[in-house]
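Enquirer: need a 3D model of the sequence below.
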Amino acid sequence: MRNTIKKTTLAVSLGLAGLVGTSVANADVLEDTSVQFSGYIKADAMFSNYSEGTLGSGSIGRDFYIPSLTPVSGNDEGSQFDAHIRQSRFRFTTNTPTEDGDTITGVLELDFIVTGGGDERISNSYTPRVRHAFLKYKNWLVGQTWTTFMDVATLPESLDFIGVTDGTIFGRQTMVRYSNNGFEIALENPETTVTPFGGGGRIVADDNAVPDLIAAYTAKRDWGHFKVAGLVRQLSYDDGAGVDADETGYGISVSGKINLDNGDDIRLLFNTGSGIGRYTALNAHNGAVIDANGDLEAIDSYGYTLAYRHVWNPKTRSNFMFSALEVDNDTALTGVGVTQSTYSARANVLYSPTKALTFGAEYAFAHRETEADLEGDMNRVQFSAKYAF
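Expert: Numbering: from 1, shown residues only. This is a model prediction of the structure:
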């Protein structure tokens with residue numbers, strides 16, 4: 001998941017006034033609407049080795065790094081090789097001028113990550129999925145896109161889908177957002193993930209009655225930017241039997257990017273809170289746990305990321321990354337099978353013979369530890385070729 005899709009786009013004027021059933025008014029609007037098409041084609045190849053156990057066929061952890069999936073028990077089965085084109089994506093952007101001089105912008109973007117389709121035996125026919133689908137008008141955004149709690153600009157250029165997964169805030173969801181002079185406030189779609197009392201499989205509750213509230217401020221300067229974001233959310237679970245409970249979760253994230261004089265940059269992020277849950281590390285830990293009385297107790301955590309980008313020459317660059325998550329589990333409630341901490345480090349080299357083409361190689365090391373003191377490592381070497389348009 002890289003910072004921004006290339007803006008080398010095709011603008012098309014839609015002269016649709018002659019379509020059957022299209023009103024004159026609608027035809028005038030469509031005739032003024034410009035459409036841009038952009039995206040990239042990316043092929044990845046990965047060699048992965050785990051110190052404890054392995055990931056089975058079809059696991060999404062074999063397509064990109066997911067901290068909670070690093071095995072911590074089992075036999076070492078040697079290296080695994082995987083190749084796919086799932087990160088490839090395409091994006092449509094429309095701009096429609098209004099009578100009062102404003103513009104309505106619409107975005108629809110799709111890729112193929114975390115979807116079904118044909119297996120690797122014959123077709124590899126992955127199903128497309130929606131990433132972004134939103135409209136922007138004046139200071140308002142309505143639809144699905146990056147959560148306001150996230151700072152997309154701090155994501156480093158990684159061959160992996162995210163790169164600094166362990167400590168970063170990451171998510172896309174439906175929202176209503178108002179923005180003005182760097183300030184943002186949003187109501188976003190809620191979801192509560194819960195650990196059963198004593199441990200066990202994740203409960204995805206879907207019992208929230210109010211949306212998540214997020215406020216953020218981003219300051220852009222000549223040297224880069226910084227962002228501060230705050231989150232308040234309801235954690236809610238009702239099983240229709242012994243549990244009907246609510247709890248308040250909250251979090252804060254501070255992030256920024258520092259541009260250096262030689263073209264290099266440093267990207268930093270720190271987040272902490274109680275009940276952040278799914279917002280960090282791809283839901284490596286849940287937002288809450290059920291206690292002995294059937295109430296919810298929020299789970300505390302903190303995470304951080306650090307990335308340094310170095311430009312070797314106009315066509316070659318490298319990125320060095322570190323990311324970590326620490327979870328404060330009450331093991332009397334969660335049990336000892338839950339993740340206590342994860343971290344990962346990456347280094348890559350990227351070569352672009354032209355702006356549209358990038359070839360890369362990346363090495364990653366990851367470590368996971370549970371509350372039972374079980375530990376496991378992952379070593380991965382990844383190669384990719386990317387054509388952006």
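Enquirer: switch to C-alpha atoms for all contacts and neighbour counts from now on
Expert: Will do.
Enquirer: mind listing the helices for the protein?
Expert: In the chain, the helices defined using DSSP state H lie at 24-32, 331-334.
Enquirer: least reliable of those by average pLDDT, please.
Expert: Mean pLDDT is lowest for helix 24-32 among those, at a mean of 59.
Enquirer: can you list contacts of stretch 252-262?
Expert: Residues from elsewhere that reach stretch 252-262, judged by CA atoms under 8 Å, 6 or more residues apart in numbering: 149, 151, 153-154, 223-231, 265-273, 311.
Enquirer: so who does the residue nearest to T148 when sequence neighbours are not counted touch?
Expert: Leaving out its chain neighbours, the residue that sits closest to T148 by CA to CA, 6 or more residues apart in numbering is I214, at 6.4 Å. Each residue near I214 by CA under 8 Å, 6+ apart is listed here: 148-149, 185-188, 229-232.
Enquirer: quick check, nearest of those to G61?
Expert: Closest approach between those and G61, by CA to CA: F149, at 24.6 Å.
Enquirer: quick one: contacts for the closest one?
Expert: By CA under 8 Å, 6+ apart, the residues touching F149 are 169, 214-216, 229-231, 253.
Enquirer: out of the helices and strands in the protein, which is least certain?
Expert: One helix or strand of the chain scores below all others by mean pLDDT, DSSP states H and E: strand 12-13, with a mean of 41.
Enquirer: what about the strands in the stretch 51-200 of the chain?
Expert: 80-84, 89-97, 103-111, 129-137, 140-146, 172-180, 183-188, 193-195 (DSSP state E, counting those that start in this stretch).
Enquirer: what's the closest of those strands to Q340?
Expert: Nearest to Q340 among the strands of the stretch 51-200 of the chain is strand 193-195 (13.7 Å), distances taken as CA to CA.
Enquirer: what mean pLDDT does stretch 184-193 have?
Expert: Throughout stretch 184-193, pLDDT has a mean value of 98.
Enquirer: same check, this time on stretch 57-77
Expert: The model assigns stretch 57-77 a mean pLDDT of 92.
Enquirer: over to stretch 271-291?
Expert: 98.
Enquirer: show residues contacting it.
Expert: For stretch 271-291, the external contacting residues (CA under 8 Å, 6+ apart) are 66-68, 165-171, 192-197, 202, 235, 248-254, 296-304, 325, 327, 333-334, 338-339.
Enquirer: sort out which residues of stretch 297-314 are buried, please.
Expert: Buried residues in stretch 297-314, counted by 16 or more other CA atoms under 10 Å: 297-311.
Enquirer: what does stretch 271-282 give?
Expert: 271-282.
Enquirer: how far does that stretch stretch from one end to the other?
Expert: Its first and final residues considered, stretch 271-282 spans 14 Å by CA to CA, to the nearest Å.
Enquirer: run the chain-centre distance for that stretch.
Expert: 13 Å (CA atoms, centre = their mean, to the nearest Å).
Enquirer: so which residue is dead centre in the chain?
Expert: By CA atoms, centre = their mean, the mean C-alpha position of the chain lies nearest to F170, the distance being 3.8 Å.
Enquirer: if you rank the contacts of F149 by neighbours, which is first?
Expert: Within these, neighbour counts (other CA atoms under 10 Å) peak at I169, which reaches 28 neighbours.
Enquirer: quick check: bridge partners of that one?
Expert: Taking DSSP bridges as the rule, I169 bridges to T280.
Enquirer: quick check, G201 in contact with T193.
Expert: No - using CA atoms under 8 Å, G201 makes no contact with T193, being 10.4 Å away.
Enquirer: ok, these two, which is more surrounded?
Expert: Comparing G201 with T193 by other CA under 10 Å, the one with more neighbours is T193, at 23 against 9.
Enquirer: just checking, that one touches R202?
Expert: Yes - counting by CA under 8 Å, T193 touches R202, with 6.6 Å between them.
Enquirer: low pLDDT regions in this structure?
Expert: Along the chain, the model assigns pLDDT under 70 to residues 1-31.
Enquirer: recalculate using a threshold of 80.
Expert: Applying pLDDT under 80 to the chain flags residues 1-31, 76-77, 118.
Enquirer: measure T342 to S158 for me?
Expert: Distance from T342 to S158, by CA to CA: 18 Å.
Enquirer: other residues contacting stretch 131-144?
Expert: 102-111, 145-146, 172-180.
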